[in-house]
Each structure stands twice: as C-alpha cells, then as structure tokens.
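**Q** fold the following, please.
(chains A and B)
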Amino acid sequence: MSDADKLVRIEMPQLSSGAEEESEGATLASWLVAAGDEVEQGEVIAELETDKATVELESPASGRLVEIAVSEGTEGLQAGTLLGTIESEGAPPVEAPTEEAANSAPAVDAPVVAPASEVSDSPDVAPPIVDDPAGGRSTPLARRAAEANAIDVATLEGSGPGGRVVEADVLRAAGAAPTESLQATPTESLQAAPLPEIVDVEDGVRIERLSGMRKTIARRLTESKQQVPHFYLRSRVRMDEAMEVRARLNQGLANDGAGVKISLNDFVVRAVAGAMRDVPEANVQFAEDGMRVFDRVDVSVAVATEGGLITPVVRDADRLGLAALADAIRILAVQARDGSLRPEQYQGGTVTVSNLGMYGIETVYPILNPPQSCIFGVGAAEAQPIVRDGEIGVGHIAMVTLAADHRAVDGAVGARLLAAVRARLEDPLGMML
Amino acid sequence: MSEAQYDVVVIGGGPGGYPAAIRARQLGLSVALVEREHLGGICLNWGCIPTKALLRTSEIHHLIERAGDFGLSVGDVSIDIEKIVKRSRQVSKRLNTGVKGLLKKNEVTVYDGTGRLAGAGRVAVDAADGATTELGAGSVILATGARARSLPGLEPDGELVWSYKEAMVPTALPARLLVVGSGAIGIEFASFYNDLGADVTVVEALPRILPVEDEEISGLAHKQFEKQGMTLHTSATVSQLDKKDGEVTATITPEGGDPIVATFDRVILAIGIVGNVEGLGLEGTGVEVDRTHIVANEWTETGEAGVYAIGDVAGPPWLAHKATHEGVLCAERIAGESGVHPMQTERIPGCTYCRPQIASVGLSEAAAVEAGRQVRVGRFPFRGNGKAIALGEMEGLVKTVFDAETGELLGAHLVGAEVTELIQGFVVAMNLETTEAELMHTVFPHPTLSEMMHESTLDAYGRAIHI
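**A** Just a heads-up that it's a prediction; the model follows:
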C-alpha cells in the first residue's frame, strides 16, 4: 500500500433528529456493492432503514471497498458504527469526519464515534467523542470547545505540551466576539495598550502582527456580514422618563450609601431583556439542523477594550433588578478591560446591546454577533424638537436600531421586538414590575 | 582560598530542593545544595514517609483484629511500639541514604550547614562548628520548608504535648490521646493511634473535619471515625492545657456551647505550619514574605531577581509533590528551557492516609458551583463494587464533578480503601483535558476498585450500571 492510499471508514450516519430520545438504531437493509468493488465518492452503496424511512448511504470516498463490517439485515446500528472500509487512492475525500491528515500513516484504531454531530441537550445522552484528525494535536476538551464554537481546531496554535491545542486556546480564539466594524478607536481603556509586534516597516507604513483577538474579530465579522441576511429597523425613543427615573434612583442609592450607579445603558439592557420576554419569537437562533429556541434571556453587552471589542454576557438579565444589573455590567466591563474574563463569561448570549451613545453617535448600524439573531445599536440621547400633545417641545431622543437575522427573525417579529424595547424605555416604571 | 561559584545554589534538601538540584544538573548547570539537618527534608525524615510506614502497621493491626471475618484465627496480638517506630526510622534512613546517593550520582555538591543569602549572587553557609563558607551563585533557590505552628497555650513541650515529631516516635502508646487539628497530619495520627487501641479525641476549630476536602467526603469520614470509636468535636477550640502528674487536662470549648474538660495522657498539636523564613538573609532584598511564606509567582520567582522560592516555604498547597514539581519547573526556568508551563494548582491531588483513605483533585462540588459552573455530579459507593465487597472494604465513595456544558472533569473526591492509589487516574485524565466521554470509553479492569471511577462518571450522566 503506497503512502497515498488511506483506509476510510464508512460509518453509520446520524439519522435521528437531535431532539429525540436515544435512537433505537437503524438497520442496514441492503448493500448495493460488494467487497472488492470500486466505488465513487457520493455513489449510493447501501440502503439504511429507520422505523420512519429508508435512507441511502453514500460512499464517503472513492476507492476500493475492502471490507464490509456489517452484514445485510443487521439492526440496532447506532450513529458512528463502522459499516465498512474503503481503501482510497490519492487525494483525500472532501468530507469524511474521521479523515487522517494527508501525509500520515493510516490510523484505523479511532474509537467508535459519531461524526461530529451537535452536542445533545438530553441529559441521558452523553455528547460523543470528537475525533482528532491530526491525532494528539488537541485535547478532547479542546475539540469539544472547537465544535461548540464552530472553529477548526487545526487552524489554531496550541499552547499545550508539544504544541497541543488545549481548551484555553480554543476559547481564546472564540471569545473575542466583537459586534461591529464601526468601532471607534477604543478610548476607554485606562491601561497603555501593549505594543503590537512589528512585522515589517516599509515606506511610512508599519506592519503589525495580527493578534489572536484581531484575527478572530476579522473572521467572525466577515462571516457574519457575508453569510447572514441582515435587515435593519430603527426607532426614535424618548428617553426623558428614563433619564428622570435614573436620576431619582441614583439619588436614592447614593443616600443609602450604595456603591452602584445606574447608567442609561443599564436601562437599555434591562429593556432589551424584558422585550425578549415580550417577544419570545425573537429569542431564537438559526441553525441548519433546526431553529434554536431559548427560554432564558442572556444579554451580551459590548465593551471596548484596548485589544478590541468583547461582549461579556449578563445571564438571565430579565430577572435582575436594575441595581443588580448595573453592578453586574460594571464588574464585567472592568474584567473585560483588564483581560480577566473567563471564557464562560463571554460565551453564549441570546442578544447583544452595543451602545455608542457616549461618542455622540446618532445611529449605530451593528453587525450581528454570530450565532445570535438580534443586536441592538444605541445612539446618543440628544435634545431634539418633539411633538407632545400636538405641541412642539423639547425631548431627549435616542436612536435605537435593531439588526436581525432574517433567517430566524422576520420583519414583523423584529418590529414587535423593537417596539417592545421602545415601550419599556419610554415607560421605565412599568419595567419595575 | 578561592570561592566556589555555581550556576544554582539550592538552600534546603527536601522534596523541593533535591529534585530541583538534580534537574538543574540534568540541564547542564553547576549546582550546590545546602542542607542543615537531613537530606530528604521533613517529608522523608519526619513527615510523609515515616508516617506511611507507621500507618501500614496500624492497618495490619486493624486487619488482624478482623481476622475472624476472613476465616482466620489469630492468638493474642501484642504491640511492640519500639519496633514499630524502629521500622519507620529504617524506612526513612534508607531513603535518606538514597537521596544522598542520587545527589552524588548527579554531581551536586552538598554543603552541610545553614544557608542564607549574603548579597547579590552570594550564599553563605554556616556550619555547625561555626565556620562560614561563601559561595557564588548565579541563581538561588530557597527551599527551606516549614515547621509546625504553635499558638499561645498550645505549644509542644516534647513530653506530654507533642508536635508531629514526637508523635512519630512514641516510646509507649498513650491510652487517651487528644489531637488538636483535623487536617491531614492530625487525622493521620488520630487514625494511627486509634487503630492501635488508643482512645482518641479530635478537636477542630472549623465546622467540619478535613476542611479542605469536599463536604460530602468530610462527612463520610467523620461518620466512619465515630464508628471506629473516635470522639470528634468540630467548631471547637482548645483553650487550655493543664499539665500535672504526667497527664494533660484540656478545656475544649465548642462554639456557643459549654466547655468540656477532659484528661488525656498525650496531646498532639496539628494546627498548621509556618514557613522557615528566618535567618535567610531576606532583609534588605526584594524578597517579600507574607504571613510566614515567601511570595513567589507562578514561575517560582520572588521579588528579587535571581532568587526563587519553592515548596512549603512558598505557600500552599503544602504538599511534597507540589514542591517537587515546582523545583523541576524552577530549574528548567533558570536553565532557559522553552515550553515550561506553570503548575495548575487545581490539578494537584491531595491524599490523606488515614483509615478510610481520602484522595481528591480539583474543585469540590461546592467550589465548582460557587465558581458559577453548571455541574453534573456522579457518586458511586464502595458497597456497589465487587472488589470492595470481596476485600471486605464496604465503606467509601467515589465522587466526580463535571462541567455540565463542556463535560470537563472539574474534580474527583474519593474516600475508602486504596483511594490514594486510584486518584492518579483522574489526575492524568485532567491533565490530558479529558471530557466525560473519554472516561466512559475507557475500559477499566475487572475486578478492581478502579471500576468505581468509571461508574461514578457514568452516574454523573444517569448511566451507572451497578447502582
């Protein structure tokens, strides 16, 4: 066998949908080829039966079917079970979950494993082992984290023994989840930015090495902008009530000697959290295999740091009182700026709030924070002419923009969501209930 | 006389110092080690090793007492305390000689005496005869260890009130023994003396014994010790020790309760340790000391360039294997090796060799929850395991804590026979960043106690087969 030949596993695919109980397995109804036959990648080589349907099994590679491991009529086959082996020639097949790296010797003793399927939420089904195609270059935990964050572990540099990719490496790559390219030069950090490594200097142009965070921001935002059908809705929100309530609350807190101060952004986050409850159809995320519907509201709050934008998450933001919310956000922002956020603090989130009002920006057009389907951009609350009871007066108006993923959230749902945010912000006392 | 110059001078030859010295030699550095009392330090001579030898005797005594259960009839058992102690001293001596041999083989120059910093790049060695030798040192590693702590009113006197040292070389078995402090040291002595027939009382100031262990494990151990006849007082302090006629009357005050006065033949104090930071010449240097311990970062560096601190003197966890690991990493750091990783304290196991044994690594269930993790907890009792039943060791638990979202093994907490040998499987798995899936897919041999590690993992996911 030449170096170019590899043994490719034919595995039972995941046939049941994710939400079901542990599957009773499928049956290999019939083989359409025999051992020794040449097969083409994509060619139907067997028929599988579940209790619901008959499914065709396509060959994962081109080559010679050298071994049939499961005979016709075998029942109760679980996802990942080895059905047969193909000796493939030359170029590796395009998508084979258990493929070895191109130049290594075939490693056929991989454990019985499901192809990289989604992590099941069912408490009785343990998530599968995710195979390491590069054998030993990453730890099991790292591979699982990579799965969960849709990162290719092979692209990462590992900090573990022998350059192994460990969980921390994956989370670092996944964690910097910025939300817009409109970010102003970060001015809020009090620390001196560490000098980036200079790679080259040409005529008046300094080339700086891209940090891991910057690379991640670039990759994720490009993906988001290119692949997600964004649509934008905008609403002018009267902030006077909120500003007044805020001033009164802060006075009360100061009188009590409490260390916390509530900002207008805290009101916005609270309103967004409540609105996600009002319009649960917006608390969803699109995925190819099924819409993710969330029953909790976790709000990602955009924080500018010297390295880039990061979005720590306030869990169950709709259940926190305003003071508790303000405190939680303040602490997360401090941790974000000194780089001490733990991965579980910036992962997840079901909606993002990005407030650039402090820079005097009128309208923010944000980019979605994948895989979330909604993001709110908030501009400055500025004194403007308004109409009240038929008369012209002065009010403080902030422009609140919703950017939404049209695959998950339609126009009407988005509109109802934005309207709910506006209603809550314009009647802040109603939010206290 | 020209002064000797070394790349590294290690002050202290215990489980931190001597591995550091050997590793530095392996990396081609010239090394001197200064030791004032005994190579191998406390661990080898007056700690870990001799106590394990003693506990082996008490374990055998316990088994002999149960011989009838196993179909054996044994006549009158007599206890020769002198011989028991002698054996433990022989074990120590053998290892002590071994360390000497290792240092010689690796060409480490050993200086007998007390070492101290004597200016930048210099170490002074004060020998017992009063002579002082000065050495030039490129780097200095402080590995001077720690000693037993005393509190006012609770000081060892070498006769009736013992520190760990006297407790290790008794000339007679005390009939009534008071142990103050229920950390690993106190509990191991309590277990040893209890199994040899002493009437043992343990007093602990915190709300539970073995306070660094997972709550559930402390609780199970507590029950077992009570069943074995020990008296345990938690949330209690000993306020007074009155010595008279070869006896000690102690006043034990439980929190919010009435003081209990009881009389004992001997008292063992095991109320913590303090680092040996005195007389090291630290004054005027950048080396900081915080509550008797030298402040060192994750690379064992102190505030003074070229001076490192490892082991007990550098703070918790006060474990010999932590000292050894730090010593190796320090040597590698000094030698400029690449790829040196700082230790992750949550992956350092802790073992207590009482009966039943206790072993743990990582976060306790409570600590994991407090850290904001969603957890899945698995439990498997000894009485569900075939080997445990066959051995007649039915009391024990293997508890595992996983992160519910990622499957990361956050902690493992075990109590029962032989668990100190089982824990390494979990430690290795943690270092390889296992998830529960790999542990589930591992085939553990049957029949062994180690199968409980597998079943505990399965239990965390509702899939245990044997309970």
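
**Q** show me what from chain B comes close to chain A.
**A** Contact residues (CB under 8 Å from any CB of the partner chain) of chain B with chain A: B:339, B:341, B:372-373, B:405-408, B:432-438, B:440-441, B:461-463. All C-beta atoms are positioned from the backbone trio N, CA, C, and that covers glycine.

**Q** got the buried residues for stretch B:19-36?
**A** Neighbour counts over stretch B:19-36 (16 or more other CB atoms under 10 Å in any protein chain shown) mark B:19-25, B:27, B:29-36 as buried.

**Q** first to last residue in it, what's the distance?
**A** In stretch B:19-36, first residue to last residue: 17 Å (CA to CA, to the nearest Å).

**Q** then stretch B:412-421?
**A** 13 Å.

**Q** for chain B, which spans come out with low pLDDT?
**A** Within chain B, the stretches with pLDDT under 70 are B:1-2.

**Q** re earlier: now restrict the residues of chain B next to chain A to buried residues only.
**A** B:373, B:405-408, B:432-438, B:440-441, B:461, B:463.

**Q** residue nearest the centroid of the chain?
**A** Reading this off chain A. The geometric centre of chain A, computed from its C-alpha atoms, lies nearest to A:Pro371 (CA atoms, centre = their mean), at 3.8 Å.

**Q** nope, chain B please
**A** Closest to where the C-alpha atoms of chain B average out (CA atoms, centre = their mean) is B:Leu319, at 4.7 Å.

**Q** which residues in the stretch 51-200 of chain B form helices?
**A** Assigned by DSSP state H, counting those that start in this stretch, the stretch 51-200 of chain B shows helices spanning B:81-105, B:164-168, B:184-195.

**Q** sorry, back to before: hmm, A:Met291 and the residue nearest to the centre of chain A touching each other?
**A** No. In this structure, A:Pro371 is not within contact of A:Met291 by CB atoms under 8 Å, at 11.3 Å.

**Q** can you classify the residue of the stretch 1-150 of chain B found nearest chain A by secondary structure?
**A** Closest approach between the stretch 1-150 of chain B and chain A, counting by CB to the nearest CB: B:Arg23, at 17.0 Å. Following DSSP: H, G, I helix; E, B strand; the rest coil, B:Arg23 is assigned to helix.

**Q** give me the nearest residue to it, chain neighbours excluded.
**A** Residue nearest to B:Arg23 in three dimensions, not counting chain neighbours: B:Ala331, with 3.8 Å by CB to CB, 6 or more residues apart in numbering or on different chains.

**Q** how near is the one you found to chain A?
**A** Computed as CB to the nearest CB, to the nearest Å, the B:Ala331 to chain A distance reads 18 Å.

**Q** then that residue would be within a helix, right?
**A** Yes. Using three-state DSSP, the assignment for B:Ala331 is a helix.

**Q** which SSE is A:Lys215 in?
**A** In this assignment (DSSP states H and E), A:Lys215 forms part of helix A:212-227.

**Q** strands paired with the longest strand that chain B contains, and their directions?
**A** Criterion DSSP state E: the longest strand present in chain B is strand B:132-142. Applying DSSP bridges, strand B:132-142 is found paired with strand B:4-11 (parallel), strand B:122-126 (antiparallel), strand B:307-309 (parallel).

**Q** residue 208 - how many residues pack around it?
**A** Using chain A here. A:Glu208 has 12 neighbours, counted by other CB atoms under 10 Å in any protein chain shown.

**Q** not quite, I wanted chain B
**A** Neighbours of B:Arg208 under the rule other CB under 10 Å: 17.

**Q** which strand or helix spans the closest residue to A:Val130 other than its chain neighbours?
**A** Take A:Val130 and drop its neighbours on the chain: the residue closest to it by CB to CB, 6+ apart is A:Arg143, 4.1 Å away. Using DSSP H and E, A:Arg143 sits within helix A:140-148.

**Q** low-confidence ranges, chain A, go.
**A** Scanning chain A for pLDDT under 70 picks out A:1-5, A:16-24, A:51-53, A:89-129, A:131-136, A:175-199, A:433.

**Q** before we move on, back to that, please state the offset of the helix holding A:Arg143 from the chain centre?
**A** Here helix A:140-148 is found 14 Å from its chain centre; the criterion is CA atoms, centre = their mean, to the nearest Å.

**Q** what does stretch B:107-124 give?
**A** Centre-to-centre, stretch B:107-124 and its host chain are 27 Å apart (CA atoms, centre = their mean).

**Q** who's in contact with that stretch?
**A** For stretch B:107-124, the surrounding residues in contact (CB atoms under 8 Å, 6 or more residues apart in numbering or on different chains) are B:4, B:6, B:9, B:11-13, B:18, B:21-22, B:25, B:31-36, B:39, B:100, B:103-104, B:125-128, B:132-138, B:140, B:279-282, B:285, B:287, B:306-307.

**Q** just the buried residues of those.
**A** Here, 16+ other CB under 10 Å leaves B:6, B:9, B:11-13, B:18, B:21-22, B:25, B:31-36, B:39, B:100, B:103, B:125-126, B:133, B:135, B:137, B:140, B:280-282, B:285, B:287, B:306-307 buried among the contacts of stretch B:107-124.

**Q** list the contacts for residue 58?
**A** Just so you know, I chose chain A. Contacts of A:Glu58 (CB under 8 Å, 6+ apart): A:Gln41, A:Gly42, A:Glu43, A:Val44, A:Ile45.

**Q** try again with chain B
**A** So B:Ser58 contacts B:Ser191, B:Phe192, B:Tyr193, B:Asn194, B:Asp195, B:Leu196, B:Arg355 (CB under 8 Å, 6+ apart).

**Q** same thing but at 6 Å, please
**A** By CB atoms under 6 Å, 6 or more residues apart in numbering or on different chains, the residues touching B:Ser58 are B:Phe192, B:Asp195, B:Leu196.

**Q** B:Leu39 too?
**A** Residues near B:Leu39 by CB under 6 Å, 6+ apart: B:Gly13, B:Asn96, B:Val99, B:Lys100.

**Q** which residues pair with residue 351 across the strands?
**A** I went with chain A, as the question did not name one. With DSSP bridges as the criterion, A:Val351 is bridged to A:Val299.

**Q** if you could check chain B rather than the one you did, that'd help
**A** Per DSSP bridges, the residues bridged to B:Cys351 are B:Ala359.

**Q** hang on, it packs against B:Thr420?
**A** Yes. B:Cys351 is in contact with B:Thr420 according to CB atoms under 6 Å; the separation is 4.1 Å.

**Q** touching both of these two, which residues are there?
**A** Common neighbours of B:Cys351 and B:Thr420, using CB under 6 Å, 6+ apart, are B:Ala359.

**Q** where does B:Glu365 fall, phi/psi-wise?
**A** Torsion angles at B:Glu365 (phi, psi; degrees, to the nearest 10) stand at phi -60, psi -50.

**Q** run a quick neighbour tally on it.
**A** Neighbours of B:Glu365 (other CB under 10 Å): 21.

**Q** try the one 5 residues further on
**A** The criterion is other CB under 10 Å. On that basis, B:Glu370 has 10 neighbouring residues.

**Q** could you check how far it is from chain A?
**A** Going from B:Glu370 to chain A by CB to the nearest CB gives 13 Å.

**Q** now do the helices in the stretch 101-250 of chain A.
**A** A:140-148, A:167-175, A:212-227, A:240-255.

**Q** adding mean neighbour count, write the ones you listed out as a markdown table.
**A** Shown next, in a markdown table, are those (neighbours: other CB atoms under 10 Å in any protein chain shown):
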| stretch | mean neighbour count |
| --- | --- |
| helix A:140-148 | 25 |
| helix A:167-175 | 21 |
| helix A:212-227 | 16 |
| helix A:240-255 | 15 |
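
**Q** need the strands for the stretch 301-433 of chain A, in chain order.
**A** For the stretch 301-433 of chain A, the strands defined by DSSP state E, counting those that start in this stretch cover A:303-305, A:308-310, A:313-314, A:351-355, A:374-378, A:382-388, A:391-405.
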